[in-house]
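Asks: Below are the sequence and a predicted model for it; my questions follow.
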Amino acid sequence: MKLVQIKCPSCGGQVDCSKDFTTAQCRFCQTTLALEWDKAADAPHIDEQCPKCGKCVEPDYIACPYCSEVILVDCYKCGKHIRKSWTTCPYCMELQLTDAEKLQRDIGIENKDKKDRKLSIIAGLITFILGMLCLCCIGYYLSQITS
């Protein structure tokens with residue numbers, strides 16, 4: 001049997017094989033790979049595993065065809081496909097937000113919009129009341145002058 005060095009298809013990092021040589025995991029990006037032995041070449045064929053169901057998927061799949069788990073997402077800054085589990089984009093080094101952080105950001109934007117809307121309504125009411133008060137004062141003043 002020929003010994004081959006396996007590199008991670010996602011980041012090019014060093015891969016550690018399991019004791020039974022059926023799976024391997026990248027030391028850097030933690031991508032799990034399923035190893036299948038190519039009998040003709042006597043070398044492993046690498047497929048990635050879905051993090052949810054564990055079935056083999058191709059490295060460029062955006063989602064698992066078996067369970068629909070999202071595998072690749074777009075980087076927030078450069079837009080390139082990266083692993084959902086990565087915290088930093090290897091292409092632009094942008095820190096990636098978790099789903100909870102994205103939700104907090106989106107809720108914060110919505111809350112800001114609601115506050116801005118409330119403030120503009122209050123400002124409009126105050127302007128209306130002051131305008132009516134001015135009209136009343138002017139009417140009273142005019143009635144005093146004419147009488």
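Replies: Good, I have the coordinates. Please read all numbers here as calculations on a predicted model, not as lab measurements. Numbers count the residues shown, from 1 in each chain.

Asks: Strands of this protein, residue ranges please.
Replies: 15-17, 23-26, 32-38, 43-49, 56-57, 72-74, 81-83 (DSSP state E).

Asks: looking at the ones you listed, which one has the lowest mean pLDDT?
Replies: Mean pLDDT per stretch puts strand 43-49 lowest among those, at a mean of 59.

Asks: just to revisit the earlier point, looking at the strands of the chain, spot the one closest to Gly124.
Replies: Among the strands of the chain, strand 72-74 comes nearest to Gly124, with 40.5 Å by Cβ to Cβ. Bear in mind the C-beta positions are built from the backbone N, C-alpha and C, glycine included.

Asks: will you turn the strands of the chain into TSV that also has mean neighbour count?
Replies: Shown next, in TSV, are the strands of the chain (neighbours: other Cβ atoms under 10 Å):
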stretch	mean neighbour count
strand 15-17	15
strand 23-26	18
strand 32-38	16
strand 43-49	17
strand 56-57	20
strand 72-74	15
strand 81-83	20
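
Asks: Could you report the distance from Asp16 to Pro9?
Replies: For Asp16, the distance to Pro9 equals 15 Å [Cβ to Cβ, to the nearest Å].

Asks: for Ile122, same thing?
Replies: Separation of Ile122 from Pro9 (Cβ to Cβ): 57 Å.

Asks: And those two? Which one has more around it.
Replies: Pro9 (16 against 10; other Cβ atoms under 10 Å).

Asks: quick one: contacts for that one?
Replies: Counting by Cβ atoms under 8 Å, 6 or more residues apart in numbering, Pro9 touches Thr31, Leu33, Ile46, Glu48, Pro59.

Asks: switch to 10 Å and redo it
Replies: Val15, Cys26, Thr31, Leu33, Ile46, Asp47, Glu48, Glu58, Pro59, Asp60 (Cβ atoms under 10 Å, 6 or more residues apart in numbering).

Asks: for Thr88, same thing?
Replies: Cys29, Cys75, Ile82, Glu94, Leu95, Gln96.
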